[in-house]
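Undergrad: Predicted model and sequence follow; I will ask about them next.
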Amino acid sequence: MARQRDNLWYKDAVIYQLHVRTFCDSNADGIGDFAGLTQRLDYLQDLGITAIWLLPFFPSPLRDDGYDIADYVSVHPSYGTLEDFKTFLKEAHSRGIRIIIEMVLNHTSDQHPWFKEARSSRENAKRDWYVWSQTDTRYEGAGIIFVDAEASNWAWDPISKSYYWHRFFSHQPDLNFDNPAVLEAMWEVMKFWLDLGVDGFRFDAVPYLVEREGTTCENLPETHAIIRELRKRLDLAYPGKMLLAEANNWPIDVRAYFGNGDEFHTAFHFPLMPRMFMSVKLEDRKPIIDIFEQTPEIPDNCQWCIFLRNHDELTLEMVTEIERDYMYDEYAMDKSMRINRGIRRRLAPMMDNDRRRIELLNGLLMSMPGTPIVYYGDEIGMGDNIYLGDRNGVRTPMQWNGDRNAGFSTADPERLYSPVISNAVYGYQAINIDSQKRTEHSLLCWMKSLIQLRNSFQVFGRGSIQFLKPANHRVLAYVRQFGEETALVVNNLSNSAQAVELDVRRFKGYIPIEMFGRNLFPRFGDLPYLLTLGPYQFYWFQLRRI
Amino acid sequence: MSSALVEDTFLADDLLRQLMSVGEVDLLVGIISCSDTQTNSHALHAIEGSFQRHFTRQRAVIVNVCGGDKNESDAAAATGLTNMAEKNARFGQPVALRTIQRVTADFSVPPTPGTALRTILASADLLRARACAVVSPGTNLTPGWIANLLTPVYREKFDFVAPLYTRHKFQGLLARNLLYPMSRAVFGCKIRELYSDEWGFSGRLAALCLNQDVWHEEPIQTRPEAWMAISAISSDLRCCQTYLGQKMQSTATSSTDIVEVFRQAVGNLFWLMESRQAAWLEGERSEPAETFGPEHDLTAEPIDLNRHRIFEMFRSGVTELEPMLSSILDPETHAEIKNIVSLEESEFRFRSDLWVRTLYDFAASYHHAVISRDHLVQALAPLYRGMTFSFLVEHSQSSPDELEAVSESLCVEFERQKPYLTEKWKANVEVKS
């Protein structure tokens, strides 16, 4: 309970990411809802996760999976009511699970009343809530993000006969944060949800809030000022709440979003994710070490959030062209697996359903510095459907059991928001929670024990990291230290058995205790410590001086 | 029992431990370090640069064979390598995705080329390298050279890659007038540079060579590279040539002593003929070797040569070695040699047919060991000077293309007279005591 009251709770958290639509349908309409999600909270509590990050559940035309919001302070009718949400929140909290929701500051849907008003006439009071222009040549330094879908960041509005600015889809006009009223409106939105009891916000598309001529319109000082203002108000009125930044940038650039501990509490470490996949495929620790060497220190009250997969494509923005080509060749040979600058696949199919590699990557996720985020379904090795459009292939219904619709819904299959995965390898008949619960050695049970282990030691969430660099480059080894807790993690990134000699002389006299089995290993001495590891095997050792 | 095992291994435990950490690789480049740290550092940079630019995805290792100067060269090179990777990354240059591994085989004294090569081959075999190269730090090595040596093996599945260089028309005359045409006629493969400081080879060829019981042989210890090529040819493995560019040898590593060069290169060729006779005695025609880049690139700028001195050395050498030559050469050949020695410098010409016959006589006598083989090889040096003088006089005004035509006709002459060699080789010879 002490940890529950800790304002730095996000450092120890294991976050589970899901979309309410995908999880459980309680009213047989083929779409997941809050009532269904609430029914499944026991499962999540049993899994051991400590927070849920909910993807957008607000009223929306759903042309961008809910990131095109038409009403910030309500629940999309397909997912239930505000009362359903309140019940869900209360039930989650009663199980010790915190709730993080989306805050899409940068843009609204073009169906949002604000935009409808703004485009209605150039004199409308909401006109200045968006970014308008009579030409489409302003801000030419800003790149196009959805290169597969958009040719320009400007779209012509035939109603008010002007161009409006959009960094994402053209149906998502950007809000104008140069107008103080916009900031006030967004703070009102935050207060609404905070008053209900949510524990944090994931701020979407943070770098793009403000535009300035002659710049890339990303990461501008004015954007940081907005974040600092919101953070100040949050700390004053709602202490213990958390802000998570989505800024798909290099660590050195994202570092700015932590400010002096007065902007975001947490931020995604985007470049790490593709490098974990790269390291396993290359059988070489170099990509991971390289990116950590480029990762600056962050304030004590801040934390990275790390992940393997999420609802979007596996983004390859933060890699070199050579690295991107390599990732495509190794993980997305079929071009339909690619979208924008990324790969739209789930974890298990990317690992060829190799249990050892899935475990290794999850082991890395749980033991490297940062708060881990598990994408729904990855704990059982769910597959994807690359033949669904956009990124919908990784957003298919949760597979609860082998019954109709994978136990997700009792609606007719044709009515489901998305077909369930039904192929021979990843289909719900083979991969589902009920069957894995019945098998002690299933991936689900293994994930449960992994998360439990992670939750038992603060060192993984809060500890420093020091990489050991043994001569064997296929082995990634690091020491995590926090207070009296010291952990040594040794990972074999390769498909073959490896021997490694670790220089652990500074821990001479310590006894390594293998964390999963609580077995003692020989005490460290003056000589290099020899370990052998099977293919993709990893050890977590607690180091104790007794 | 245990002592026998110890004798059977030549790999140091330290090297073996380093190799264990490297694991399987795609590419291996071996470098035989010299005593000059700066020169070694340049070569290591070139190798690393090649991996960074041309083989970004491959598993690569550098095997640095050095003798007694490990720490110094390692430190200098390691610093440079790190800086290079950082620099490449900063300027958006390709950077290898994987760790570029480096192992050091440290000998207490500088190892012979044969021992160094054996270490490199063993490393390649243990690491299951697919494509390998051996380079010398004493040349103007570039990343592109390394890539050109490795690529035919890695991508085109060749087993041996010989280099080709841009040369002055009067540079490399030993190769042009002796080593190339003779090896081509004897072994049937048109590889121009059998004796070089850098070459590429496959893991398959590495394993094949490693397992041959020849490592105690003196020719292998001094010049093992041609033996690798001949091993590939006689095993029906695929050989090719690749153009590297202009070669500049550092003065620190180049040898100007023609007799020593003869002992190493010509002695080596004769030894190869001896040890590989089963592979060539029945062969008749030479097969072309696939070439990547231009097959020849000659420059013709004027250079200052003391031809008179060369002629005098020829004449005095032949006169001095007269008794020895009479044992080596066929009487008819010997008579012709004596005849041309008596000519005035202005009238002197060493005909190509006589040159070929002379060499074949020497080779056959080497085979029959009519005199000490070492002395025999050295006795060829004055005759080579005569041939060189003749060549320089005849072709002082020849264009590169004309020179190539002359070289080709010499090669054809070697091939035409090969039955003469075979006959002499197979003949029963009474060795004089």
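TA: Structure received. From a predicted model like this one, the values you see are computed outputs, not experimental measurements.
Undergrad: Next, work out how far apart B:E423 and B:D361 are.
TA: 11 Å (Cβ to Cβ, to the nearest Å). All C-beta spots, glycine's among them, are computed from the backbone N, C-alpha and C.
Undergrad: Please disregard the earlier target; I meant A:F460.
TA: In this view, A:F460 and B:D361 are 80 Å apart by Cβ to Cβ.
Undergrad: how much space is there between A:S152 and chain B?
TA: Here the criterion is Cβ to the nearest Cβ, to the nearest Å. By it, A:S152 lies 27 Å from chain B.
Undergrad: Quick check: that residue touching A:D136?
TA: Yes. Between A:S152 and A:D136 there is a contact at 5.9 Å, judged by Cβ atoms under 8 Å.
Undergrad: Those residues of the stretch 151-300 of chain A touching chain B, which are they?
TA: Selection of the stretch 151-300 of chain A residues close to chain B by Cβ under 8 Å from any Cβ of the partner chain yields A:M278, A:L282, A:E283, A:D284, A:R285, A:K286, A:P287.
Undergrad: can you list those in CSV and add secondary structure, neighbour count and pLDDT?
TA: Listed next are these as CSV, based on DSSP: H, G, I helix; E, B strand; the rest coil; neighbours: other Cβ atoms under 10 Å in any protein chain shown; pLDDT from 0 to 100:
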residue, secondary structure, neighbour count, pLDDT
A:M278, helix, 24, 97
A:L282, helix, 24, 96
A:E283, coil, 21, 96
A:D284, coil, 25, 97
A:R285, coil, 24, 97
A:K286, helix, 21, 96
A:P287, helix, 26, 96
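Undergrad: So chain B: which segments form each domain?
TA: B:12-298, B:307-426 (automatic domain parsing).
Undergrad: Not counting its neighbours along the chain, what's nearest B:L19?
TA: Nearest residue to B:L19, sequence neighbours excluded (Cβ to Cβ, 6 or more residues apart in numbering or on different chains): B:L126, at 5.4 Å.
Undergrad: And the pLDDT for the one you found?
TA: Per-residue pLDDT puts B:L126 at 95.
Undergrad: Output stretch B:295-307 as CSV, nothing but the C-alphas.
TA: Output of stretch B:295-307 as CSV, limited to C-alpha atoms (Å, rounded to 0.1, in the frame of the first residue of the first chain):
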residue,chain,number,x,y,z
GLU,B,295,42.0,-7.0,-66.4
HIS,B,296,45.1,-4.8,-66.8
ASP,B,297,45.8,-1.1,-66.2
LEU,B,298,49.3,0.0,-67.2
THR,B,299,50.7,3.5,-67.0
ALA,B,300,53.6,4.6,-69.2
GLU,B,301,55.2,7.7,-67.8
PRO,B,302,59.0,7.9,-68.3
ILE,B,303,61.1,6.4,-65.6
ASP,B,304,64.9,6.3,-65.2
LEU,B,305,66.4,2.8,-65.4
ASN,B,306,70.0,1.9,-65.5
ARG,B,307,69.8,-0.7,-68.2
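Undergrad: Buried residues, that stretch. List them.
TA: Neighbour-count burial for stretch B:295-307, with 16 or more other Cβ atoms under 10 Å in any protein chain shown as criterion, is recorded at B:H296, B:L298.
Undergrad: Please point out which parts of the one helix or strand A:W187 maps to sit buried.
TA: Here A:W187 sits within helix A:180-196, counting by DSSP states H and E. Going by neighbour count (16+ other Cβ under 10 Å), the buried part of helix A:180-196 is A:V182, A:L183, A:M186, A:W187, A:V189, A:M190, A:W193, A:L194.
Undergrad: ok, now stretch A:245-260?
TA: Neighbour counts over stretch A:245-260 (16+ other Cβ under 10 Å) mark A:A245, A:E246, A:A247, A:N248, A:N249, A:P251, A:V254, A:R255, A:A256, A:Y257, A:F258, A:G259 as buried.
Undergrad: ok, the fifth one touching A:M318?
TA: Yes. A contact is recorded between A:N249 and A:M318 when judged using Cβ under 8 Å, the distance being 7.2 Å.
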